[in-house]
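1. Fold the following and give me the result.
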Amino acid sequence: MVNALWQGGAKGIKVMDQRLISTSAVRCVGNTLILQGRVYSPPYKITAIGDPDRLKQSLADSKAIQTYMVYVNVYGLGWKVADDGTVTLPGYSGTVDLHYAKPVDR
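-> Below you'll find the model as predicted:
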């Protein structure tokens with residue numbers, strides 16, 4: 001979902017209570033979510049800032065979301081997309097250090 005929102009032009013995304021940046025890793029392990037060292041259980045809330053119509057269209061066009069929607073319909077999994085009007089996202093509070101990148105000597 002996060003990738004589809006970025007693809008749809010999201011200006012900012014929050015997953016649960018954490019603001020995402022370009023280096024954020026959203027990892028799914030079973031039915032839990034690991035984000036910046038914290039573990040979350042469903043239900044998940046994702047908030048995105050951007051053009052609502054464009055974001056919704058990007059979700060609809062996403063092959064991954066289309067596959068998930070099959071499971072939503074077959075197994076009754078949760079899914080809700082809503083326009084909450086004007087929202088504010090918190091600033092990113094984690095580290096922005098790259099721990100594994102090394103400069104190339106030239």
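
2. in the helix or strand of the chain at the bottom of the mean pLDDT ranking, what's buried?
-> Least confident helix or strand of the chain, by mean pLDDT, DSSP states H and E, is strand 26-29 with a mean of 90. Buried residues in strand 26-29, counting neighbours by 16 or more other CB atoms under 10 Å, are found at residue 26. Quick note: C-beta positions are derived from backbone N, CA and C, even for glycine.

3. Please spell out which residues along the lengthiest helix in the chain are buried.
-> For the chain, the longest helix by residue count, based on DSSP state H, is helix 63-75. Buried residues in helix 63-75, defined by neighbour count with 16+ other CB under 10 Å: residue 65.

4. What of stretch 39-57?
-> For stretch 39-57, using 16+ other CB under 10 Å, the buried residues are 44, 47-50, 55.

5. Among those, list the two that are farthest apart in space.
-> The most widely separated members of the buried residues of stretch 39-57 are 44 and 50, with 18.6 Å between them, by CB to CB.

6. What ranges does the protein have for its strands?
-> Along the chain, the segments classed as strands by DSSP state E run 12-15, 18-19, 26-29, 32-35, 38-40, 46-49.

7. got those strands as CSV, with distance to residue 74 columns?
-> Below are the strands of the chain laid out as CSV (distance: least, CB to CB, whole Å):
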stretch, distance to residue 74
strand 12-15, 25
strand 18-19, 30
strand 26-29, 19
strand 32-35, 22
strand 38-40, 24
strand 46-49, 22
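
8. Would you tell me which of the ones you listed gets closest to residue 104?
-> strand 26-29 (27.8 Å).

9. Does anything pack onto the closest one? Which helices or strands?
-> strand 32-35 (3 or more CB pairs under 8 Å, 6 or more residues apart in numbering; DSSP states H and E).

10. now do 6 Å
-> For strand 26-29, there is no helix or strand it packs on, judged by 3 or more CB pairs under 6 Å, 6 or more residues apart in numbering; DSSP states H and E.

11. Direction included, what does that strand pair against?
-> Strand pairing for strand 26-29, using DSSP bridges, gives strand 32-35 (antiparallel).

12. re the thing from before, tell me which residues are up against the least confident helix or strand of the chain.
-> 2, 34-35 (CB atoms under 6 Å, 6 or more residues apart in numbering).
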